[in-house]
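Enquirer: what follows is a predicted protein model with its sequence.
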Amino acid sequence: MSEQNLKVVLRLRIGAHDAHYAGELVDGAKCLQLFGDVATELLIRLDGDEGLFRAYDSVEFLAPVRAGDYLEVEGELVSMGKSSRKMRFEARKVIENVRGEPGVAPSAANVLSPPVVVCRATGTCVVPAEHQRNQR
């Protein structure tokens, strides 16, 4: 598989079990977990192996995430070395839970257009050459 323009997108609803703080606020580490899932899929598609996440170069938490929100999480391969894969990640809130606001129905939600970027990161994963499907 060509590494050019290799992207993975994951969409999911954040459950009540993910709420960690008052106001159904979700811990920022949830986005990092989702970035790890996206990175794993990228590596499997590229190398046929899950690889290992080596390090984040940067992480920005930009907006709150709450239980009931829907996220779209995207990862993109930026560059490759012999065993390293540099990736860029972005999590966007595409539907926002609005429960609990005065005068709002208990099941109400807003479709956000445009989506709100809640987290961005860049990081590096490693797949040892002997684990790569198509050893280069």
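Expert: Alright, I've got the coordinates. Numbering: from 1, shown residues only.

Enquirer: from now on I want contacts and neighbour counts done on CA atoms only, so please keep to that.
Expert: Noted.

Enquirer: list the strands paired with the lengthiest strand in the chain, with their directions.
Expert: Identified as the longest strand of the chain according to DSSP state E is strand 109-126. Each strand that pairs with strand 109-126, with its direction, by DSSP bridges: strand 52-61 (antiparallel), strand 84-97 (antiparallel).

Enquirer: quick one, which of these is packed in tightest?
Expert: Taking mean count of other Cα atoms under 10 Å as the contact definition, the stretch among the strands paired with strand 109-126 with the greatest mean neighbour count is strand 84-97, which reaches a mean of 22.

Enquirer: pull the distance from that strand to the chain's centre.
Expert: 4 Å (Cα atoms, centre = their mean, to the nearest Å).

Enquirer: do the same with stretch 77-96
Expert: Going by Cα atoms, centre = their mean, the spacing between the C-alpha centre of stretch 77-96 and its chain's C-alpha centre is 8 Å.

Enquirer: got the contact list for residue 126?
Expert: Under the criterion of Cα atoms under 8 Å, 6 or more residues apart in numbering, the contact partners of residue 126 comprise 51-54, 83-85.

Enquirer: check the residue nearest to residue 123 when sequence neighbours are not counted and give its pLDDT.
Expert: Sequence neighbours aside, residue 56 is the residue nearest to residue 123 in space, at 4.0 Å (criterion: Cα to Cα, 6 or more residues apart in numbering). Listed pLDDT for residue 56 reads 97.
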